[in-house]
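A.B. asks: sequence plus the predicted model coming up.
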Amino acid sequence: MKRISFTILALCMIASAAFAQPIGLDFWHAMTGKNAEYVQIIADKFNASQSLYKINPVFKGSYIDTMTAGIAAYRAKSAPAIIQIFEVGTATMMSAKGVIKPVYQLMKETGQKFDPKIYIPTITSYYSTAKGEMLSLPFNSSTSVMYYNKDAFRKAGLDPDKPPVTWPEFFEVAKKLKASGMEGGFSTNWISWIQLENFSAWHNQPFGSKSNGFEGLDTVLTFNTPLTLKHFETIYQLSKDKVFIYGGRENKANPLFTSGQVGMHFESIGGYANFKNTCKFDFGVARLPYYPEVAGAPQNSIIGGASLWVFGGKSKNEYKGIAEFFTFLSTPEIQALWHQNTGYLPITTAAYELTKSQGFYVTNPGPEIAIKQLLNKAPTKNSMGIRFGNFASIREVEDQTWEDILAGKISVKDGLARMVLYGNAQLREFQRLNK
């Protein structure tokens with residue numbers, strides 16, 4: 001009788017395990033369009049690969065919206081397991097002691113095989129401590145590039161296989177595109193990230209002191225140099241004749257390019273897949289232009305995009321599931337899938353080599369141009385990245401001031417000075433709160 005009872009109990013336990021629900025792990029993100037589609041595809045692949053955990057992607061709006069929602073959820077003790085935070089929020093997340101579970105600790109505590117050396121250093125250094133300890137997992141890493149309309153180049157009598165290399169060449173090409181009948185010559189997204197932060201790094205100029213904030217909270221902004229003044233003054237003057245057209249903050253200028261209104265456009269390489277889906281013309285990708293009189297230019301561009309952070313206060317089983325998902329995300333096959341279908345950079349060397357071996361870059365050279373630009377030279381203190389507190393607020397000031405410049409409310413020189421002055425006030429406030 002006891003043997004029968006034991007057998008029945010064992011069968012019940014097996015049945016219970018078989019019908020047990022997987023542990024749900026919410027993953028809050030800010031991806032849209034094709035990028036959001038592949039977030040779901042990757043989650044589905046992970047969920048199908050095992051039965052213990054289920055990743056649930058949840059769209060939370062823009063980068064700012066997602067970060068704000070995450071902070072509010074943590075305070076309400078309802079934070080997701082994983083949250084996508086854009087690179088601007090890195091210093092803020094690092095300073096939130098007890099709020100996050102560092103990735104290097106997560107992987108060690110859960111027994112996952114984890115070798116930071118498999119990741120591309122230029123990418124991971126952005127999200128690591130001075131000791132090289134990864135705090136978050138790079139996800140949709142990108143860098144800024146120049147897109148150009150090859151059909152528009154042909155119409156303007158320009159060589160579609162020879163995009164401009166230097167800024168003087170670029171401005172002349174923009175004027176020719178405008179003269180050919182286009183509404184404008186060029187536009188740009190992300191005025192701070194592309195035309196200030198990457199512009200500084202590409203010319204090996206400091207954006208701020210203390211290695212752009214990496215070496216301490218007592219950093220100050222220093223980007224209002226004669227070179228930056230010259231650059232912004234030129235763009236402002238070209239805006240008067242609509243050679244340059246302003247399309248809005250963040251990535252709001254994309255429609256100017258995809259609709260054929262302008263012939264050249266600056267955007268993240270992460271926009272590559274969406275452009276392939278929406279552009280009805282032949283387009284190319286090129287490196288950022290540079291000023292040839294600057295010694296040592298071009299240097300290397302810096303990354304943008306976002307990484308995945310893990311909230312504190314989760315159970316051991318939840319952390320184990322998150323760690324397994326991060327290991328899955330880092331495999332060459334999944335990274336190659338993400339890279340090839342979104343345009344975002346692969347975070348591991350193995351994924352880059354796999355993509356090359358598959359011949360992807362033969363027909364899609366754009367993403368490799370971005371990778372080579374990022375790796376153009378070994379990073380310097382001026383080009384290893386940006387790490388400032390309250391940086392989202394600093395960027396808002398820069399956006400508003402740029403709009404005031406274009407509206408004629410303030411001169412370029414005074415506008416850049418205001419960006420630095422107001423930005424430094426934000427840095428001092430962050431320093432005060434995080435001593």
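C.D. replies: Right, received. Where do you want to start? Numbering: from 1, shown residues only.

A.B. asks: specify the local secondary structure of the closest residue to Ser125 other than its chain neighbours.
C.D. replies: For Ser125, ignoring the flanking residues on the chain, the nearest one in space by Cβ to Cβ, 6 or more residues apart in numbering is Met384 at 6.0 Å. No exception for glycine: its C-beta is placed from N, CA and C like everyone else's. Following DSSP: H, G, I helix; E, B strand; the rest coil, the label given to Met384 is coil.

A.B. asks: domains of this protein?
C.D. replies: Following automatic domain parsing, the chain resolves into domains at 21-141+303-366, 143-302+387-433.

A.B. asks: burial of Ile123, as a residue count?
C.D. replies: Other residues within reach of Ile123, judged by other Cβ atoms under 10 Å, total 24.

A.B. asks: let me fix that: Pro160
C.D. replies: Using other Cβ under 10 Å: Pro160 sits among 17 other residues.

A.B. asks: show the pLDDT at it.
C.D. replies: pLDDT for Pro160: 98.

A.B. asks: now the domains of the chain as a markdown table including distance to Leu375?
C.D. replies: As requested, the domains of the chain are exported to a markdown table (distance: least, Cβ to Cβ, whole Å):
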| stretch | distance to Leu375 |
| --- | --- |
| domain 21-141+303-366 | 6 |
| domain 143-302+387-433 | 7 |
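
A.B. asks: to Gln373, which of these lies closest?
C.D. replies: Nearest of the domains of the chain to Gln373, taken as Cβ to Cβ: domain 143-302+387-433 at 4.9 Å.

A.B. asks: off-centre distance for that closest one?
C.D. replies: Mean C-alpha position of domain 143-302+387-433 versus that of the full chain (Cα atoms, centre = their mean, to the nearest Å) differs by 15 Å.

A.B. asks: strands along the stretch 151-300 of the chain, start to end?
C.D. replies: Counting by DSSP state E, counting those that start in this stretch, the stretch 151-300 of the chain has strands at residues 184-188, 262-268, 283-286.

A.B. asks: the longest one - which strands sit beside it in the sheet, and in what orientation?
C.D. replies: Pointing back at strand 262-268 there. Strand 262-268 has the following strand partners under DSSP bridges: strand 137-149 (antiparallel), strand 184-188 (parallel).

A.B. asks: other residues contacting the shortest one?
C.D. replies: Okay, so that is strand 184-188. The contact list for strand 184-188 (Cβ atoms under 8 Å, 6 or more residues apart in numbering) reads 170, 173-178, 194-195, 238, 242-247, 253, 256-257, 261-267.

A.B. asks: for the longest helix along the chain, which outside residues touch it?
C.D. replies: Across the chain, the longest stretch assigned as helix under DSSP state H is helix 412-433. Helix 412-433 has contacts (Cβ under 8 Å, 6+ apart) with 91, 95, 217-224, 228-229, 232-233, 236, 388-391, 393-394, 397-398, 401-402, 404-405, 410.

A.B. asks: that one - what's its average pLDDT?
C.D. replies: For helix 412-433, the mean per-residue pLDDT is 97.

A.B. asks: which one of the domains of the chain lies closest to Lys377?
C.D. replies: Distance to Lys377, taken as Cβ to Cβ, is lowest for domain 143-302+387-433 among the domains of the chain, at 5.0 Å.

A.B. asks: any regions of the stretch 101-250 of the chain where pLDDT drops low?
C.D. replies: Across the stretch 101-250 of the chain, nothing is flagged by pLDDT under 70.

A.B. asks: ranges for the helices of it?
C.D. replies: 103-109, 121-124, 150-155, 167-179, 191-192, 199-202, 209-212, 226-240 (DSSP state H, counting those that start in this stretch).

A.B. asks: the residue most central in space within the chain in helix, strand or coil?
C.D. replies: Of all residues in the chain, the one closest to the mean position by Cα atoms, centre = their mean is Gly305, 1.0 Å from it. The assignment at Gly305 comes out as strand when based on three-state DSSP.

A.B. asks: likewise for the one 3 residues further on?
C.D. replies: Reduced to three states with three-state DSSP, the structure at Leu308 is strand.

A.B. asks: circling back to that earlier point, what about the strands paired with strand 262-268, which gets the closest to Phe283?
C.D. replies: strand 137-149 (5.5 Å).

A.B. asks: put the alpha carbons of that closest one into CSV.
C.D. replies: Only the C-alpha atoms of strand 137-149 are listed here, as CSV (Å, rounded to 0.1, in the frame of the first residue of the first chain):
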residue,chain,number,x,y,z
LEU,A,137,24.6,44.2,-21.1
PRO,A,138,25.0,46.2,-24.4
PHE,A,139,21.9,45.6,-26.5
ASN,A,140,21.1,47.9,-29.4
SER,A,141,24.5,49.5,-29.7
SER,A,142,24.9,51.9,-32.6
THR,A,143,26.9,54.8,-33.9
SER,A,144,26.0,57.7,-36.1
VAL,A,145,26.6,57.6,-39.8
MET,A,146,25.7,59.6,-42.9
TYR,A,147,22.9,58.3,-45.2
TYR,A,148,22.7,59.7,-48.7
ASN,A,149,20.3,59.4,-51.6
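
A.B. asks: how far away is the closest residue to Thr129 other than its chain neighbours from Leu416?
C.D. replies: Leaving aside its chain neighbours, Thr129 sits nearest to Leu135 (6.6 Å; criterion: Cβ to Cβ, 6+ apart). Leu135 sits 32 Å away from Leu416, going by Cβ to Cβ, to the nearest Å.
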